[in-house]
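S.K.: can't give you the sequence, but here's the structure:
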């Protein structure tokens, strides 16, 4: 009988510890993080720099796929306007959230796969200030598209 009591006490303790000390499984916060990043890509796909930078903190840091580092919301806005008026004027990205991890209740990391004519993986760090999630830093790295991804991307771009 004691064996079962110890088993149930252990199980109860383990479950409670996981709830108290584990990473929060808050779907509301997860959805809020996804919304911010999705808003950026909605802006990308409509070439709306204001909508894109609305996802950024004023002191945003970004390292792009060419290892160029940009800092500041205004600097990023100017870069996005220039890119979307030139080589990015027909760019459209499809995104997939690969992972969202809450480092602290007010700090999150998201990894996002971006597919256009090229593939990129982006790592976003977001901070929640005054109840609002914003991207404070992100970096992109290129990857070679799989043949099926490349065909789909070309269809969407044309």
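M.R.: Perfect, thanks for sending it. As the structure is a prediction and not an experimental result, all values here were calculated from the model.
S.K.: which stretches of the protein form strands?
M.R.: 56-63, 69-71, 94-104, 107-115, 119-129, 132-143 (DSSP state E).
S.K.: To residue 45, which of these lies closest?
M.R.: strand 94-104 (8.9 Å; Cβ to Cβ). Every residue, glycine included, has its C-beta placed from N, CA and C.
S.K.: least trustworthy helix or strand in this structure by mean pLDDT?
M.R.: The weakest-scoring helix or strand in the chain, judged by mean pLDDT, DSSP states H and E, is helix 2-21 (a mean of 39).
S.K.: related to what we said a few turns ago, reformat the strands of the chain into TSV and put mean neighbour count and distance to residue 42 next to each item.
M.R.: As requested, the strands of the chain are exported to TSV (neighbours: other Cβ atoms under 10 Å; distance: least, Cβ to Cβ, whole Å):
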stretch	mean neighbour count	distance to residue 42
strand 56-63	17	14
strand 69-71	12	21
strand 94-104	14	10
strand 107-115	18	13
strand 119-129	18	15
strand 132-143	17	14
